[in-house]
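> Model the following, please.
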Amino acid sequence: MQGSELVLKVYVDIVFLVNFGVDFFILWLTGKLMAMKKGIVRLLLGAFFGALYSLVVFLPAGGILASGYAKVACSLVMLLLAFAPFSWRLFFKGMALMYLVSFAVGGCVVAFVYLADDSAYGLQVINGAGVLQTGLSYHLLLAGIIVVMVSGWYAMHYVNKNRLGRNLLYSLTVAVFHKKVTIKALLDTGNQLVEPFTKKPVVIVEAKYLQDILPQDVVKALVKDDDFFLQAVQEKMVQEWVPRFCMIPYSSVGRENGLLLGMRPDYIEINEGGKKVINRDVIVGLIGRAISKEGRYQAILHPGVLKQDM
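Residues are numbered from 1 along each chain as shown. You can find the predicted model right below:
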């Protein structure tokens, strides 16, 4: 409309604080993805520089500073302030992750604002700095940033938890009398259970998954949690199995002075990522209850069994 002009009001302090918070979260999330531990002061310093840059682009002579080269340089300085020193490989990885996180966070914040507010043009980005037109509350934008930050934190926690679980899962093969059974096993670095006389490490396995290679009476007694399973082992197993079994004392939460039925296999084979470890100096502890409620694994490895037999 002729004679009219659009006036955009920019509150510099709020723009600075909003971009400072977003930049800090981006750097924090980038550090998590890079698995680099730096102090909070370093992250605050990098976020402060990024927030300052968001103000410089509003200067009358900000044309050069608003160029793509300047924005990349700003990202570089933020990364160096937050995480340097690091290798060239981590540098390029960090830059890529930083931009990926920036696009994801920016998109999530914009989506939240547009879903929660009726004004279709309330949010603008000017030369890389997020600003709001009059009519849209900065409190709404702040709420969107908080929602994205909390969601991102929980997402990282979930990813790290599952990634850790996957990294500790192994394929376990138990061999007895030329028969084999392969199951999934979780490496438990806190498992220090050993057979008291030979000091051999104990791998704990759900008995029902070894029913193809164990005496059936033993498996049934363990699955039923029969208090007389020791008697069943002694009376019903064939003679060749007698030297294979032993009793292992243990203590756990809610149970003092417990006894675990142990079995001496021919060997166990552990496979993870194509790497195989064969160990004959080990005891398989048999239990009747489920080890994993989700069924992700059926055994718990002792860290000592990962040593290759010579």
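> just checking, what packs against the strand or helix carrying residue 54?
Element membership for residue 54, per DSSP states H and E: helix 40-56. When contacts are defined as 3 or more C-beta pairs under 8 Å, 6 or more residues apart in numbering; DSSP states H and E, helix 40-56 packs onto helix 12-34, helix 68-83, strand 129-132. Backbone N, C-alpha and C define where each C-beta goes, glycine included.
> could I get the ones you listed as JSON lines with mean pLDDT?
Shown next, in JSON lines, are the helices and strands packed on helix 40-56 (pLDDT from 0 to 100):
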{"stretch": "helix 12-34", "mean pLDDT": "80"}
{"stretch": "helix 68-83", "mean pLDDT": "86"}
{"stretch": "strand 129-132", "mean pLDDT": "48"}
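> those strands in the stretch 101-250 of the chain, which residues are they?
123-126, 129-132, 169-176, 179-187, 202-206, 245-252 (DSSP state E, counting those that start in this stretch).
> relative to helix 12-34, how tilted is the helix holding residue 54?
130 degrees (axes from the mean of the first three to the mean of the last three C-alpha atoms, to 10 degrees).
> Tell me the buried residues in helix 40-56?
Within helix 40-56, the residues scored as buried using 16 or more other C-beta atoms under 10 Å are 42-51, 53-55.
> next one: stretch 69-78
70, 74, 75, 78.
> that older thread, out of the buried residues of helix 40-56, which one sits closest to residue 146?
residue 47 (15.7 Å; C-beta to C-beta).
> give me every residue that touches that closest one.
Counting by C-beta atoms under 8 Å, 6 or more residues apart in numbering, residue 47 makes contact with 20, 21, 23, 24, 27, 78, 82.
> Format those as JSON lines; extra columns: distance to residue 33.
JSON lines is the format used below for these (distance: C-beta to C-beta, whole Å):
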{"residue": "20", "distance to residue 33": "21"}
{"residue": "21", "distance to residue 33": "19"}
{"residue": "23", "distance to residue 33": "16"}
{"residue": "24", "distance to residue 33": "15"}
{"residue": "27", "distance to residue 33": "11"}
{"residue": "78", "distance to residue 33": "15"}
{"residue": "82", "distance to residue 33": "13"}
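> farthest pair in these?
21 and 82 (14.8 Å).
> Would you mind telling me which of the two has the busier surroundings?
It is residue 82, of residue 21 and residue 82, that has more neighbours when counted by other C-beta atoms under 10 Å, with 28 against 16.
> how far away is the residue nearest to residue 303 when sequence neighbours are not counted from residue 176?
Among residues not flanking residue 303 along the chain, residue 189 sits closest, at 5.3 Å (C-beta to C-beta, 6 or more residues apart in numbering). To residue 176, residue 189 is 27 Å away according to C-beta to C-beta, to the nearest Å.
> And these two? Which one has more around it.
Taking neighbours as other C-beta under 10 Å, residue 189 and residue 176 compare with residue 176 leading, 20 against 9.
> follow-up on the earlier one: would you mind finding the most buried of the strands of the stretch 101-250 of the chain?
The highest average neighbour count among the strands of the stretch 101-250 of the chain, using mean count of other C-beta atoms under 10 Å, belongs to strand 202-206 at a mean of 25.
> got the angle for that one vs strand 179-187?
Using the same axes, to 10 degrees: strand 202-206 against strand 179-187 is 110 degrees.
> change the start of the numbering to 594 and stick with it
Okay, using 594 as the starting number, the last item reads as strand 795-799.
> related to what we said a few turns ago, can I get the helices and strands packed on helix 633-649 in TSV with distance to residue 867?
Shown next, in TSV, are the helices and strands packed on helix 633-649 (distance: least, C-beta to C-beta, whole Å):
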stretch	distance to residue 867
helix 605-627	26
helix 661-676	32
strand 722-725	47
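> what's the closest of these to residue 875?
With respect to residue 875, and counting by C-beta to C-beta, the nearest of the helices and strands packed on helix 633-649 is helix 605-627 at 36.8 Å.
> Mind giving me the packing neighbours of that closest one?
helix 633-649, helix 661-676, helix 681-709, strand 722-725, helix 731-760.
> Is there a neighbour count for residue 809? I'd like the number.
11.
> same question, residue 869
12.
> Identify the bridge partners of it.
Beta-bridge pairing for residue 869 (DSSP bridges): residue 864.
> how close does it get to residue 816?
Remark: distance between residue 869 and residue 816 (C-beta to C-beta) = 30 Å.
> for residue 657, same thing?
For residue 657 relative to residue 816 (C-beta to C-beta), the value is 75 Å.
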